[in-house]
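*Asks:* My questions are about this predicted structure, shown below with the sequence.
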Amino acid sequence: MQKARKPIEIKISTVVAISAILHETDPAALDKALKDMTGGVSDFFEDEFAVLDIGALDTGAAGIDWTALVALFKRYRLNAVAVRNAPEELHAEIAAQGLSIDGGAPRPQQPDAAAEAEAAPQPAPVAAPAQPAQTTQAIQATQATQAAPVAQVTPAAATMIIDTPVRAGQRIYARGADLVIMAAVNNGAEIIADGSIHVYAPLRGRALAGASGNTGARIFAASLEAELVSIAGVYRTFENGHPPELAQKQVQVRLTGDRIDVLPINTSK
């Protein structure tokens with residue numbers, strides 16, 4: 001007898017969203033900025049989810065036209081799904097637009113009285129009575145122990161390893177980890193990591209490293225053929241082709257300020 005199929009199943013799913021950090025809310029200014037960013041490429045974002053971060057607004061968050069903002073981002077194929085760092089008084093009007101509330105990074109805690117007391121200057125300790133002189137051998141052993149370096153143990157970074165090709169339409173996300181791929185990443189595929197990405201085969205499709213904001217993450221590829229690369233949310237596309245001296249070569253991609261650099265993998269810069 002065939003087992004009845006459940007009407008619905010709920011499973012854990014990873015969704016990656018672009019963080020759009022707003023420094024102003026004038027739709028005309030944002031429209032121009034997005035047009036400059038995308039270079040007029042209609043599929044630059046390809047219907048990505050977007051979180052609108054309003055924590056950096058200089059003039060405060062009052063008087064925002066949420067309907068206009070959502071429509072503007074939709075025009076650039078960015079689907080606004082949540083608002084980050086919104087004051088509590090705006091939660092109701094944000095929710096009325098069908099947007100979720102994202103709390104953002106926790107604020108630093110103020111030191112309590114106990115911590116301040118611990119940080120206060122302490123009385124100078126009273127000198128202890130002199131001890132009998134040590135032997136020459138004991139002194140030499142003590143000095144040798146103090147001079148020996150203390151080993152610093154760094155926890156190993158988590159790594160996700162993929163041995164098979166990443167097909168068109170497939171998305172792989174290494175949450176909190178580096179991503180190592182031993183086979184080709186095909187056109188239309190998307191690979192994402194909170195850490196660095198290593199592809200020991202042709203890298204096509206889209207590669208996004210440092211997805212949680214790690215600006216020190218990098219992308220390494222045995223052959224650069226990507227449609228788009230990103231480090232910590234800063235994008236670079238290749239609609240006009242790859243640099244001829246680096247196309248289909250071993251490269252590294254890294255973030256320098258607000259600029260994506262593509263360099264030979266053995267660069268010493």
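*Replies:* That came in fine, so what should we check first? Note that the structure is a prediction, hence the values are computed from the model and not measured.
*Asks:* Who are the contact partners of residue 163?
*Replies:* Contact partners of residue 163, counting by CB atoms under 8 Å, 6 or more residues apart in numbering, are 182-183. (Glycine included, C-beta is placed from N, CA and C.)
*Asks:* gap between residue 256 and residue 262?
*Replies:* Remark: distance between residue 256 and residue 262 (CB to CB, to the nearest Å) = 11 Å.
*Asks:* Which one of the two is surrounded by more residues?
*Replies:* residue 262 (21 against 12; other CB atoms under 10 Å).
*Asks:* For that one, pull up the helix or strand it's in.
*Replies:* Following DSSP states H and E, one finds residue 262 within strand 259-264.
*Asks:* tell me the mean pLDDT over that strand?
*Replies:* Average pLDDT, strand 259-264: 90.
*Asks:* Repeat that for stretch 241-254.
*Replies:* Averaged across stretch 241-254, the pLDDT comes to 84.
*Asks:* At which residues are the strands of the stretch 1-150 of the chain located?
*Replies:* Under the criterion DSSP state E, counting those that start in this stretch, strands of the stretch 1-150 of the chain are mapped to 17-21, 48-53, 78-84, 100-102.
*Asks:* Could you export these as CSV, including mean pLDDT?
*Replies:* Output for these, formatted as CSV (pLDDT from 0 to 100):
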stretch, mean pLDDT
strand 17-21, 79
strand 48-53, 86
strand 78-84, 90
strand 100-102, 86
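*Asks:* Just send the ones you listed back as a markdown table, with mean neighbour count and distance to residue 93 too.
*Replies:* Below are the strands of the stretch 1-150 of the chain laid out as a markdown table (neighbours: other CB atoms under 10 Å; distance: least, CB to CB, whole Å):
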| stretch | mean neighbour count | distance to residue 93 |
| --- | --- | --- |
| strand 17-21 | 17 | 18 |
| strand 48-53 | 19 | 13 |
| strand 78-84 | 20 | 10 |
| strand 100-102 | 14 | 11 |
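*Asks:* With distance to residue 233 as added columns, please give those in CSV.
*Replies:* Output for the strands of the stretch 1-150 of the chain, formatted as CSV (distance: least, CB to CB, whole Å):
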stretch, distance to residue 233
strand 17-21, 6
strand 48-53, 11
strand 78-84, 13
strand 100-102, 15
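*Asks:* which one of the ones you listed lies closest to residue 232?
*Replies:* Ranking the strands of the stretch 1-150 of the chain by distance to residue 232, with CB to CB as the measure, places strand 17-21 first at 9.7 Å.
*Asks:* could you say what helices and strands that closest one packs with?
*Replies:* Secondary-structure packing of strand 17-21 (3 or more CB pairs under 8 Å, 6 or more residues apart in numbering; DSSP states H and E): strand 48-53, strand 78-84.
*Asks:* Please identify which of these is closest to residue 223.
*Replies:* Each of the helices and strands packed on strand 17-21 has some distance to residue 223 by CB to CB; the shortest is strand 48-53, at 25.8 Å.
*Asks:* relative orientation of that closest one and strand 17-21 in degrees?
*Replies:* Per axes from the mean of the first three to the mean of the last three CA atoms, to 10 degrees, the angle that strand 48-53 makes with strand 17-21 is 40 degrees.
*Asks:* what is the orientation angle of strand 48-53 with strand 78-84?
*Replies:* Using the same axes, to 10 degrees: strand 48-53 against strand 78-84 is 30 degrees.
*Asks:* so what's the residue lying closest to residue 221 once chain neighbours are set aside bridging to?
*Replies:* Of all residues beyond its chain neighbours, the one nearest residue 221 is residue 203 (3.8 Å), with distances taken as CB to CB, 6 or more residues apart in numbering. With DSSP bridges as the criterion, residue 203 is bridged to residue 185, residue 224.
*Asks:* Please report the distance of residue 203 from residue 219.
*Replies:* Distance from residue 203 to residue 219, by CB to CB: 8 Å.
*Asks:* and what of residue 7?
*Replies:* Using CB to CB, we find residue 7 at a distance of 42 Å from residue 219.
*Asks:* who has more neighbours, the two?
*Replies:* Looking at residue 7 and residue 219 with other CB under 10 Å, you find the greater number of neighbours at residue 219, namely 28 against 5.
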